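*Asks:* Have a look at this fold, sequence not included:
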Ligand code: TXA
Ligand code: MG
């Protein structure tokens with residue numbers, strides 16, 4: 001059985017021994033292990049039930065710790081790193097041999113990130129290796145934003161969950177490939193596209209998944225709740241429907257015609273940061289209510305709203 005606690009030295013000790021430990025980050029909880037060990041990486045894939053073609057992000061204490069793991073950091077990458085790290089940004093760079101092939105699923109590029117969560121910063125500071133860490137959810141399900149979310153699904157498979165409280169961003173990191181002349185956003189996340197473009201100029205954005213996505217987080221059915229999830233709007237007509245079996249994940253206002261206790265508001269004041277922070281926990285809560293269907297609608301498509309809408313669209317692809 002797993003233990004949930006705030007003991008940083010316990011986490012460091014287990015990680016040093018090659019164990020897999022759940023760690024808090026500012027984005028979502030991660031399932032972490034020694035990122036220089038093929039054996040530990042294999043164990044992470046196994047616990048997460050994740051296909052080996054879906055590579056993992058390496059987490060470092062700072063930019064200088066990354067140097068020997070990448071061939072170089074192009075100008076665009078350096079600008080983004082200097083302005084946005086530590087924080088919810090992941091850069092894709094050319095890897096060196098120090099990165100096990102299993103971590104990148106055989107790709108010559110590695111995803112790297114410097115997180116800001118204070119407990120994780122302490123853990124990374126005490127280790128002499130980076131941490132490979134995918135989100136700590138079973139493959140295909142919603143990412144966890146609390147220690148309890150991790151315990152609910154993976155608790156019987158890991159010795160320790162480091163509890164850093166609810167994640168302050170609540171969406172995964174934004175992934176940017178900076179190996180080409182023009183930066184390319186592969187996954188929308190906690191850093192807005194607007195703030196990236198302010199630093200490096202116009203970027204390409206990978207909007208839709210393909211059969212061979214360059215970031216498999218782009219697979220369409222990612223982040224899906226188990227309950228049918230449908231995007232519509234508040235004017236939806238529910239005549240003849242048993243509304244007790246209907247859940248609504250609303251943005252600012254309750255929807256008419258559905259009991260309020262079946263609804264969750266993401267942000268009454270319309271704050272996209274608050275909505276991002278609440279989104280995954282709200283989806284999980286809705287998913288556990290036994291509803292026949294959950295309705296939701298898109299939020300304003302700007303700033304963090306673009307990443308939120310991306311998650312909502314993916315969640316709605318389970319029908
Ligand atoms: O915020 C985050 O990024 C969280 C926290 C724990 O850091 N991590 C996270 O990891 O979301 P994960 O594994 O759930 O999603 C990372 C995505 C995957 O979809 C993966 O395909 C993509 O990053 N990725 C990782 N390495 C890559 C690579 N070498 N090339 C292309 N995509 C890569
Ligand atoms: Mg994930």
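*Replies:* Looks like it came in fine. Just so we're clear, the structure is a prediction, and the values are computed from it rather than from any experiment. Numbering: from 1, shown residues only. Ligands and ions are numbered 1, 2, ... in the order given.
*Asks:* Please list all residues in contact with the spatially most central residue of the chain.
*Replies:* Central residue check for the chain by Cα atoms, centre = their mean: the C-alpha nearest the mean position is that of residue 172, 2.7 Å away. Residue 172 makes contact with 27, 28, 88, 135, 143, 187, 189, 190, 217, according to Cβ atoms under 8 Å, 6 or more residues apart in numbering. All C-beta spots, glycine's among them, are computed from the backbone N, C-alpha and C.
*Asks:* and the first one, which of the three is it?
*Replies:* Classification of residue 27 by DSSP: H, G, I helix; E, B strand; the rest coil places it in coil.
*Asks:* I'd assumed residue 166 was in contact with it.
*Replies:* No. With contact defined as Cβ atoms under 8 Å, residue 27 does not count as touching residue 166 (11.7 Å).
*Asks:* Counting neighbours, go ahead and name the busier of those two.
*Replies:* Taking neighbours as other Cβ atoms under 10 Å, residue 27 and residue 166 compare with residue 27 leading, 29 against 16.
*Asks:* measure the more buried one to residue 169 for me?
*Replies:* 5 Å (Cβ to Cβ, to the nearest Å).
*Asks:* Quickly list what's touching both of these two.
*Replies:* Common contact partners of residue 27 and residue 169 (Cβ under 8 Å, 6+ apart): 88, 190.
*Asks:* ok so, going back, would the residue nearest to the centre of the chain count as being in a strand?
*Replies:* No. Residue 172 is assigned coil when assessed by three-state DSSP, not a strand.
*Asks:* all helices of the protein, in order?
*Replies:* With DSSP state H, the ranges of helices along the chain come out as 8-16, 38-48, 63-66, 75-84, 118-126, 147-154, 193-200, 272-287, 304-315.
*Asks:* What average pLDDT does the shortest one get?
*Replies:* Per-residue pLDDT values over helix 63-66 give a mean of 97.
*Asks:* Could you give me the buried positions within it?
*Replies:* 63, 65, 66 (16 or more other Cβ atoms under 10 Å).
*Asks:* which residues are contacting it?
*Replies:* Residues outside helix 63-66 that contact it (Cβ under 8 Å, 6+ apart): 60, 73, 81, 82, 85, 93, 112, 114, 124, 130.
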